[in-house]
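>>> give me coordinates for this.
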Amino acid sequence: MRKPASASAARPSRTVAVLGLLLLASTLATPSRAQDAPPRASPLASPLASPGAATPLPTSPPPDPAAGDFGPVQADAPYRLVLLVPYPDAAYWQAVAIAAQNRAAQDGVTLEVVPLTAPSAPEQVAQLEAVVQSEVEGILLGPIDPVGVIPGLDVAAASGIPVIAVSAEPPAGSVVGTVIGDDEAAAYAAGAYIADTLGGRGLVLDLQGNIANPAGESRERGLRAALARSAEIDVDAQPIDQLTAEPAGPRGQYHAR
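As a prediction, the model looks like this:
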């Protein structure tokens, strides 16, 4: 077990820099790269089955320098880092894992990938606690629930282990940094593709996620903006957690404008 942060020197800033660059690299994995890849099994290992064992991942092209990437930053020590993945079967998170592993190799550090077996905040808290016990140098975290994982983040902070979040932002002060993609721009691109495919005319079913959180709100805003370009496209908005085969009430139809 590591000494509490209050009883030890601050974590090397270069460790945090390496963590941040790994996450930055992961967010630069373009959707086309993931879509063009042949189907494959999940590259992620069994969660915490062997905390000390490196996780083999399929190779992938390095992030595109033209996309604004920078680095690599050579680590001043062979740091051992862990990436906690909330949805291991999702193409997005597989791309994140591959890109982060590629950057880790460039930076001269070891990155282990630890997936969740179920979308459970208590399980992710347990993962954080187990990872801290294994004495890693830093943690990359895809929060399953930004608030629900706070107890695990507190354990990491008490042990002086820096955590950087990706894709979802825990409350201020619980992590040393966050890297988030542009949800609104991604949803706009998806909406524009749908509108163009429909030839600017038709009805689009919008299976809404949780639009009460910032990410869901941004995605909904981007989708509506893209579809609003076409005066003859209507949208049927249905919260996905309330959708049934035969909606009991009036359909949530609205015009994109």
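
>>> so what pLDDT did the closest residue to E123 other than its chain neighbours get?
In space, not counting the residues next to it along the chain, E123 is nearest to L116; the distance is 5.8 Å by C-beta to C-beta, 6 or more residues apart in numbering. The C-beta positions use only the backbone N, C-alpha and C, and glycine is treated the same way. Each residue has a pLDDT score; the one for L116 is 93.

>>> can you map out the helices along the stretch 51-200 of the chain?
Listed in chain order, the helices of the stretch 51-200 of the chain (DSSP state H, counting those that start in this stretch) span residues 91-107, 121-133, 150-158, 183-197.

>>> on contacts alone, who are the packing partners of the second one?
Yep, that's helix 121-133 we're talking about. Helix 121-133 makes packing contacts with strand 80-85, strand 138-141, helix 150-158 when contacts are defined by 3 or more C-beta pairs under 8 Å, 6 or more residues apart in numbering; DSSP states H and E.

>>> what about 6 Å?
Of the remaining helices and strands, those touching helix 121-133 by 3 or more C-beta pairs under 6 Å, 6 or more residues apart in numbering; DSSP states H and E are helix 150-158.

>>> quick one: mean pLDDT over the helix it packs on.
93.

>>> any weak-confidence spans in the stretch 51-200 of the chain?
Across the stretch 51-200 of the chain, the stretches falling below the confidence threshold (pLDDT under 70) are 51-72.

>>> mind redoing it with 50?
In the prediction, the stretch 51-200 of the chain carries residues with pLDDT under 50 at positions 51-63, 65, 67.

>>> and the nearest residue in space to D183 that is not next to it in sequence, how many neighbours?
Closest residue to D183 apart from its sequence neighbours, by C-beta to C-beta, 6+ apart: S218 at 4.0 Å. S218 is surrounded by 20 other residues when neighbours are defined as other C-beta atoms under 10 Å.
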